[in-house]
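Chemist: Predicted model, plus sequence, below.
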Amino acid sequence: MSMQLDRAIDNIHVSPTTGNVYAATFPNFFRFTSSAPTPSDPSRPASSKSPVEIWRVSNETSSEETFLGRQYKKEVYLTDPRGEVVSAITTAAPWRNQLLLTGFFTPHATVCEFDHEL
């Protein structure tokens, strides 16, 4: 199976519960690279923030969807268009009803809790 998301994708994770696939993507790759720490002083974070999009790919198995030739549904599951709450995310790992967000340049992890299994 191949699927186009029209975004640069870093890591993908499969939910052990639902089988849904979660992908951390870069809606603006140049903003992502500018969010890196300054090479001359890696301990100093960059002032630029990077937008975040987490995509979910789920199995579409209804008879109508299968008849129409669609087997998978892709959707933006979580977004921060300005990177104000979370920035430069490279991993979105599902666990039960939580999504663990981490990034190569981020100094911490963020846990998003949902009211349903992911």
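Modeler: Okay, I see it.
Chemist: The helix or strand that Ala24 is a member of pairs with which strands, and in what direction?
Modeler: Following DSSP states H and E, the helix or strand that holds Ala24 is strand 21-26. In the sheet, strand 21-26 lines up against strand 8-14 (antiparallel), strand 52-59 (antiparallel) (DSSP bridges).
Chemist: tell me which residues in the first one are buried?
Modeler: Of the residues in strand 8-14, those buried by neighbour count under the rule 16 or more other C-beta atoms under 10 Å are 10, 13. Bear in mind the C-beta positions are built from the backbone N, C-alpha and C, glycine included.
Chemist: Under the pLDDT cut-off, which ranges of the chain? List them.
Modeler: Where the chain drops to pLDDT under 70, the residues are 1, 29-47, 61.
Chemist: how about the strands of it, start to end?
Modeler: Listed in chain order, the strands of the chain (DSSP state E) span 8-14, 21-26, 52-59, 72-80, 91-95, 98-102, 110-113.
Chemist: For Ser2, which of those is the nearest?
Modeler: strand 72-80 (10.5 Å; C-beta to C-beta).
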